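Enquirer: no sequence on this one, just coordinates:
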Ligand SMILES: Nc1ncnc2c1ncn2[C@@H]1O[C@H](COP(=O)(O)OP(=O)(O)O)[C@@H](O)[C@H]1O
Ligand SMILES: [Mg+2]
């Protein structure tokens, strides 16, 4: 799709709000290997936006570049108007961005409770531990267990829960439903819907666009380190053929 | 005279006590090494030199400033720990992205320089440092005579090891340390100041070595080579316990001190090599060490 048409579609759906996250010309590397080639998209306050794309397209790398843990990156990543491309991941997190990595990143030498308490509060207004336990009762029952003794679904809840404590208002979620049982996927879906109602801004990487469809506002399609299309959630069903071609499903 | 397996009980307990004292130093030193290696991935070859510096700072405080043992117990670890902080910021921090070997080479070189400087200044004959009056004398136990200072070394080391272990296992700071040992990138991405954590951890490990040096000053002579002599054994302890294992280094330190003491009683010829023989056996059977997790 030509860039002009893409830009038009983006603006066609634009509300007047300034973007919460604005990414332009984002380049990213693993050592010598050039993986992101001018990524460009934005996420508006309170919006749920997904990155869709085949395995290896560069979705995880994009999230890693945003939070600042990619070895080398260039271009522009603005959060609430602040340019972050030269900041350390610590400074970026402190702006109020929470990261839930694809591999979940639960610490095996920490108990569930210690894992939950680990990320420092970066902004006021984070959830209290009782609130998180209401969202994810399993975490309370297993508070004393070793973090990595949890089931995959529970680890995902822990990875999300610990970010909700920090007061971060933009949450980067990398494939939260990957490999989980349908009932857990549903529970995570309810949680994300609730977070959206509460005004969180969410950038979601998802392979399962049927899941993404239940909560997202817009979908960006990523191919070989570029955004190649933007599909409004309302138009997802109309574009299903195109999407199947993109994702090769 | 009472005997056990043909050995007079006096001699047996005497050697066990000596072993326990050596074990205290092994434990304190290998604990610092384990903490540093766990978080920084640096094999701190300067550890022996930093232990020696602790003893020397104690000696200097007494001879240049008139500050005695109890002051030294606080000030020497602080001073040498601060020296460690500066080293980490200026030099070691540049090596984190490189192979282990570079850290090992750097700290080994530093150890040689530090020892050389002290040898140049103070010679190798050793300087005396008196046992503090509060801890002189001893207790006559039913089975042996226990010099107070030796009992103090064992008890104090044990307390320091246990407190350190509790801080690492039970506190928020310890949770940061454990998490950053596992995955520093992610901890930093949560907004934690991991570089500061690394600096303080190195400083703390070095301070532990200096503390051991102060403890050692009244029992061994204060000598520029005292660190080089003990550190080889301590590395064997760390390898046996498992690189980076906190509890492993403490337990292995005390246990190997005792084993060494027992060897002196029953087969003195092997006392200098017993620990290394154990190291070889452990490496053959359990390459990650007794308490280490396989990589
Ligand atoms: N740690 C790494 N080192 C080198 N190349 C990597 C690394 N991680 C991912 N890549 C490569 O970067 C590209 C994008 O990967 P990734 O962002 O993980 O894709 P996605 O999340 O969309 O599946 C792929 O070609 C992948 O092989
Ligand atoms: Mg991925």
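Expert: Sure, I can see it. As the structure is a prediction and not an experimental result, all values here were calculated from the model. Numbering: from 1, shown residues only, chains lettered A, B, ... in the order given. Ligands and ions are numbered 1, 2, ... in the order given.

Enquirer: So, low pLDDT: which residues of chain A?
Expert: A:1-16, A:249 (pLDDT under 70).

Enquirer: So the residue in it that ligand 2 sits nearest to: helix, strand or coil?
Expert: As assessed by C-beta to the ion, ligand 2 sits closest to residue A:60 within chain A, at 3.1 Å. Glycine gets a C-beta too; all of them are placed from N, C-alpha and C. Following DSSP: H, G, I helix; E, B strand; the rest coil, residue A:60 is assigned to helix.

Enquirer: Contacts only, for it.
Expert: A:102, A:174, A:205 (C-beta atoms under 8 Å, 6 or more residues apart in numbering or on different chains).

Enquirer: would you list every one of the helices in chain A?
Expert: Ranges of helices within chain A are A:3-12, A:59-67, A:89-94, A:112-117, A:129-135, A:137-141, A:152-164, A:182-197, A:209-213, A:240-247, based on DSSP state H.

Enquirer: Could you pull out the buried residues of the last one?
Expert: This means helix A:240-247. A:243, A:246, A:247 (16 or more other C-beta atoms under 10 Å in any protein chain shown).

Enquirer: would you turn those into TSV with distance to residue B:145?
Expert: Formatted as TSV, the buried residues of helix A:240-247 follow (distance: C-beta to C-beta, whole Å):
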residue	distance to residue B:145
A:243	85
A:246	84
A:247	81
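
Enquirer: in the stretch 1-150 of chain B, what spans have low per-residue confidence?
Expert: For the stretch 1-150 of chain B, counting by pLDDT under 70, the residues that fall below are B:1.

Enquirer: give me the residue from it nearest ligand 2.
Expert: Minimum separation of the stretch 1-150 of chain B from ligand 2 (C-beta to the ion) falls at residue B:97, amounting to 24.0 Å.

Enquirer: Are we agreed that that residue is in a helix?
Expert: No. Secondary structure assignment (three-state DSSP) places residue B:97 in coil, not in a helix.

Enquirer: And for it, the neighbour number?
Expert: Residues lying near residue B:97 (other C-beta atoms under 10 Å in any protein chain shown) number 7.

Enquirer: how near is it to residue B:77?
Expert: 30 Å (C-beta to C-beta, to the nearest Å).

Enquirer: same question, residue B:153
Expert: 15 Å.

Enquirer: cool, residue B:17 as well?
Expert: With C-beta to C-beta as the criterion, residue B:17 and residue B:77 are 25 Å apart.

Enquirer: These two - which one has more neighbours?
Expert: Counted by other C-beta under 10 Å, residue B:17 and residue B:77 do not tie: residue B:77 has more neighbours, with 26 against 20.

Enquirer: for that one, helix, strand, or coil?
Expert: Quick answer, by three-state DSSP: residue B:77 is helix.

Enquirer: List the residues that contact it.
Expert: B:54, B:207, B:208, B:210, B:211, B:214.

Enquirer: would you turn the contacts of residue A:60 into TSV with distance to ligand 1?
Expert: Compiled in TSV, the contacts of residue A:60 are given as follows (distance: C-beta to the nearest ligand atom, whole Å):
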residue	distance to ligand 1
A:102	7
A:174	7
A:205	6
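
Enquirer: Kindly supply the PyMOL command isolating those of those residues that are buried.
Expert: Applying 16+ other C-beta under 10 Å to these leaves a buried subset, and the PyMOL line that selects it is:
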select buried, chain A and resi 102+174+205
